[in-house]
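Asker: 3D model of this:
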Amino acid sequence: MDVPSDRMSCIHASRLRHVKEIRERSARTELSNMEAKCRIKALAAERAGRELAIAEERRAQAEVEVYEQLTSLDTVSVVELDRRELILERLSTEVTSKRQALEDARSAQKQAETAASEGRAHWAKCSAATDKWRQIETDVRRAVDTHAEVTAEIEADDEVSLRYGRALPHKVADGSI
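Answerer: Predicted coordinates:
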């Protein structure tokens, strides 16, 4: 928005700049919160990945134990095989659950990263607006100062003209010139 600095008062420009600074601070705070959420989501995804790896390792270990027991020369009862099968099913369900938790955590992390990126863009726009209004305020102050200087010079010139301009006709009438 281009604003002619000669049509705006210093107070108005200062207030508008202050509003822009408030919005920029708010955007910066919001961005900080979004980045914190992003870090939390990244840690949650990392933790979910570790938990999945542990669950997969436990399932693999249980499968190895069942395989070793089946390949050993000892006879295995049907009850023991059923018990092992239930354990493997439970561990497979746990792995599936952990895998889903990891996918959900990664999705949440991506959403948080997207929100943080949008927050960065919003903050950048607010920052640019604040900078522009600072410049406008500076221009307005400069214009007001220049106007005050010109007005003072004109008033001084008018005063000199009035003194000497009125004195000259009197001197002319007296014949002293």
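
Asker: tell me what the host helix or strand of residue 156 is packed against?
Answerer: Under the criterion of DSSP states H and E, residue 156 resides in helix 78-174. Here helix 78-174 touches helix 10-71, going by 3 or more C-beta pairs under 8 Å, 6 or more residues apart in numbering; DSSP states H and E. Where C-beta positions appear, they are placed from N, C-alpha and C, glycine not excepted.

Asker: ok and the least confident helix or strand in the chain by mean pLDDT relative to helix 10-71, angle-wise?
Answerer: Using mean pLDDT, DSSP states H and E, the weakest-scoring helix or strand in the chain turns out to be helix 78-174, at a mean of 88. Computed by axes from the mean of the first three to the mean of the last three C-alpha atoms, to 10 degrees, the angle separating helix 78-174 from helix 10-71 equals 170 degrees.

Asker: Count residues in the vicinity of residue 28, would you?
Answerer: Applying other C-beta atoms under 10 Å, we find 15 residues neighbouring residue 28.

Asker: Apart from its neighbours in sequence, what residue is nearest it?
Answerer: residue 123 (5.6 Å; C-beta to C-beta, 6 or more residues apart in numbering).
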